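K.L.:
structure for this input, please:
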Amino acid sequence: MEEIGLLSVLPPLIAIVLALLTRQVYISLVVGIWLAWMILSDWNILQGSIATLEGFVNVFRDAGNTRTIMFSALVGALLIFIQYSGGVQGFILRIDRLLQSLENKRMGKSRVVVELLALATGVLLFIETSISSLTVGTLYRPIFDRLNIPREKLAYIADSSSAPSSILIPFNAWGAFIMGLLLTQGIEAPFSTMLSAMVYNFYPMLALLMVFVVIISRKDFGPMARAEKRTRETGKLLNEGARPMVSDEITSCEMKEGVRPRAMNMIIPLLTMIFMMIISLAYTGWGKVEAAESFMDHFSKAMGRGSGSSAVLYAVTSSILVAMVLYRVQGIMKIRKMIELILKGISELMPLALLMMLAFAISHVCNELGTGAYVAGITEGWLSPQLLPVIVFVLSSFIAFSTGTSWGTFAIMISIALPMAQIHDANLYLVIAATMGGGVFGDHCSPISDTSIISSMASASDHIDHVRTQLPYALVTGLATALIYLILGFAIG
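P.N.:
I've put the predicted structure just below:
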C-alpha cells in the first residue's frame, strides 16, 4: 500500500470531521468508507460504489464482528426485560434506601455517592468493556435522571471506567490479546512482561483518576460544564435536538402493572452475564491450553486464551434465558409476552447494530488502505530512544482515533514499536505501555469507537454529545501522559 501514501489517512479523517461537524454519524461513516473504496478502486465511481456495498457484506464474514453485532441487538431485549419485570425500579429503591441512610441527605452529597458507585461498578466489571459500560449505563441511568445529572455525565463515567480498568486488570480477553501479540514478537514471558509494563501505563490510571476528581470536586469544564448548567437550569437531561442512542421505547419502558419491584430481577440476569462471561472465556480457550499444572491453572490459562466476542454473545444470551425462567416462575410474564419483548428490544437496537457494522467496515477498509502502517512507517527513520515512548503514544493515539479500535492499534503498533525499541535499546516496558495507553486514549476520543458507542447507547445519550463532552477530559489526561513519557524517555529510556 506504499503507493497510496498520504491518501490512506484521508477517509477516516473525513469521517471523523464530518461526524463532529454534522452530528450525522451514519452518513459520515458511509462517506468515509465510500471514499476509501474509491481510492482503492483508482477513483472508478462504479467499482468504488460496488466495493463499498460488498464491504458492508464482508463485515459479516468475520465471526467476531457478527457476534458483536448480534450482542448489540440482543442487548435491547435485556434492557426491556429488566425494566418490564420491575428490576430497575427495585434497584432504584435500594439505592434510595442507601442514600437515605447517609447522615447528609443534601442533593450534592447524593450526586457524589451515586456517581462514585457508578465509577466503582465500571472498574469492578473489568472482565469486558462492553459489559462494563452496558451495566453502568443501564443500572444508573434512572437514578442519574432522578438526581438531574445529564446523560453525558453518565456516558462519560461508563466509557472512562470500562477500557481503563480492562487494560489495567488484564485477566480478560484484553490481556490474552496483548500476550498473543507479545509472543509473536519473540517475548518469552509475555504475562510477566505485560504486568511489568502496566507500571508505566499512565493513561488509563490518569483517566480513572480524572473521573474520580471530577466527581469529588464537582468541577466540570468545557462542554460537560455546559451540559451540567443546562440540566441544572432547565432540567433537560439532553441537548435540544439530541438523538439518544436508544429509543424512548427502550429507555422509558414501564414495569408491568401490579408487579412488586425487586432488584433481583435485574441483578440476577446481570450477574449471570458476568459469570457466564468468565465461564465462556474459559470454555472457548480450553482447547488452546497446551500444558497446565492443575485444573485451576488450566482454567486461568484457558480464560486468557478465550474468545471475547464469543463470550459476550454467550453471556448476554444466557442472561436473557435466565431472566425468562426467573420471570416465568414469578408469573410476571408468559412466553408469548417474552418473545414480544425480545423482538421489540432487538428492533429498537437496530440503529446500534447498523452503527457497529459501519464502524467495522471503516476499520476493515483502513486496513486495506494501510492507514496505520503508513502513519507508523513515515516516522521510523528519525526516532531516537528518548523520543520513542512519547512518539509511540502519539502514533497509537492517532491510529486508534482514526480507526476507532484500540485492539487494531495494538496489532499494528506492537509489531512496529517492539522491534524499534530493541534496535534503539529503548526501555521495552515503557514502549509497550505507551502503545497500550495510546490505543485506549485514541479510542476514548474517537466517535467510531465501539466502546463509546455502547456507552452512549446504555446511557441513552446523544453519541456526538458524549464524544464532545468526554473529549476535553481525555485530551487533558492524554497530554499529561505524553509529557510523562517525554520525561521518562530521557530519564530511563
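K.L.:
report the longest helix in this protein, please.
P.N.:
In the chain, taking DSSP state H as the definition, the longest helix is helix 463-492.
K.L.:
buried set for the helix or strand hosting Q47?
P.N.:
Element membership of Q47 [criterion: DSSP states H and E] is helix 45-58. Within helix 45-58, the residues that count as buried by 16 or more other C-beta atoms under 10 Å are 48, 51-52, 55-56. Placement of C-beta: from N, CA and C, glycine included.
K.L.:
stretch 353-363 too?
P.N.:
Quick answer for stretch 353-363 (16+ other C-beta under 10 Å): 353, 355-363.
K.L.:
now stretch 214-223
P.N.:
Neighbour-count burial for stretch 214-223 [16+ other C-beta under 10 Å]: 214-215, 220, 223.
K.L.:
identify the farthest-apart pair in those.
P.N.:
I215 and P223 (17.2 Å; C-beta to C-beta).
K.L.:
wait, isn't V88 in contact with M266?
P.N.:
Yes. Between V88 and M266 there is a contact at 5.7 Å, judged by C-beta atoms under 8 Å.
K.L.:
put the alpha carbons of the helix or strand where R141 lies into PDB.
P.N.:
According to DSSP H and E, R141 maps onto helix 129-146. Extracted in PDB, the C-alpha atoms of helix 129-146 (Å, rounded to 0.1, in the frame of the first residue of the first chain):
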ATOM      1  CA  THR A 129     -15.600  -3.400  28.300                       C
ATOM      2  CA  SER A 130     -18.900  -3.900  26.700                       C
ATOM      3  CA  ILE A 131     -20.400  -5.500  29.800                       C
ATOM      4  CA  SER A 132     -18.900  -2.700  32.000                       C
ATOM      5  CA  SER A 133     -20.200   0.200  30.000                       C
ATOM      6  CA  LEU A 134     -23.500  -1.500  29.400                       C
ATOM      7  CA  THR A 135     -24.100  -2.300  33.000                       C
ATOM      8  CA  VAL A 136     -23.100   1.100  34.300                       C
ATOM      9  CA  GLY A 137     -25.300   2.900  31.800                       C
ATOM     10  CA  THR A 138     -28.300   0.500  32.300                       C
ATOM     11  CA  LEU A 139     -28.100   0.400  36.100                       C
ATOM     12  CA  TYR A 140     -27.500   4.100  36.900                       C
ATOM     13  CA  ARG A 141     -29.400   5.900  34.100                       C
ATOM     14  CA  PRO A 142     -32.800   6.000  36.000                       C
ATOM     15  CA  ILE A 143     -31.000   7.200  39.200                       C
ATOM     16  CA  PHE A 144     -29.000   9.800  37.400                       C
ATOM     17  CA  ASP A 145     -32.200  11.000  35.800                       C
ATOM     18  CA  ARG A 146     -33.900  11.400  39.100                       C
END
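K.L.:
packing partners for it?
P.N.:
In terms of contacts (3 or more C-beta pairs under 8 Å, 6 or more residues apart in numbering; DSSP states H and E), helix 129-146 is packed against helix 63-84, helix 87-100, helix 107-124, helix 151-168, helix 264-285, helix 308-329, helix 450-459.
K.L.:
for G439, find the nearest of the ones you listed.
P.N.:
Going by C-beta to C-beta, the one of these nearest G439 is helix 151-168, 8.3 Å.
K.L.:
quick one: the closest one to helix 129-146, angle?
P.N.:
Relative orientation of helix 151-168 versus helix 129-146 (axes from the mean of the first three to the mean of the last three C-alpha atoms, to 10 degrees): 150 degrees.
K.L.:
got the CA coordinates for helix 151-168 in PDB?
P.N.:
Taking Å, rounded to 0.1, in the frame of the first residue of the first chain, the C-alpha atoms of helix 151-168 are listed here in PDB:
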ATOM      1  CA  ARG A 151     -26.900  11.900  30.400                       C
ATOM      2  CA  GLU A 152     -23.500  13.000  29.000                       C
ATOM      3  CA  LYS A 153     -22.000  12.600  32.500                       C
ATOM      4  CA  LEU A 154     -23.200   9.100  32.800                       C
ATOM      5  CA  ALA A 155     -21.900   8.200  29.400                       C
ATOM      6  CA  TYR A 156     -18.500   9.700  30.400                       C
ATOM      7  CA  ILE A 157     -18.300   7.700  33.600                       C
ATOM      8  CA  ALA A 158     -19.300   4.500  31.800                       C
ATOM      9  CA  ASP A 159     -16.900   5.000  29.000                       C
ATOM     10  CA  SER A 160     -13.900   6.200  31.000                       C
ATOM     11  CA  SER A 161     -14.200   3.400  33.600                       C
ATOM     12  CA  SER A 162     -14.500   0.500  31.200                       C
ATOM     13  CA  ALA A 163     -11.400   0.300  28.900                       C
ATOM     14  CA  PRO A 164      -9.000   1.700  31.500                       C
ATOM     15  CA  SER A 165     -10.000  -1.000  34.100                       C
ATOM     16  CA  SER A 166      -9.900  -3.700  31.400                       C
ATOM     17  CA  ILE A 167      -6.400  -2.800  30.300                       C
ATOM     18  CA  LEU A 168      -5.000  -2.300  33.900                       C
END
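K.L.:
what packs against that helix?
P.N.:
When contacts are defined as 3+ C-beta pairs under 8 Å, 6+ apart, helix 151-168 packs onto helix 107-124, helix 129-146, helix 202-217, helix 223-234, helix 428-445, helix 450-459, helix 463-492.
K.L.:
quick one: closest of these to G331.
P.N.:
Using C-beta to C-beta, the helices and strands packed on helix 151-168 put helix 129-146 closest to G331, at 24.1 Å.
K.L.:
and P244, how far from K288?
P.N.:
40 Å (C-beta to C-beta, to the nearest Å).
K.L.:
neighbour count winner among those two?
P.N.:
Neighbours were counted for P244 and for K288 using other C-beta atoms under 10 Å; P244 has more, 19 against 13.
K.L.:
nearest residue to that one other than its sequence neighbours?
P.N.:
A460 (4.4 Å; C-beta to C-beta, 6 or more residues apart in numbering).
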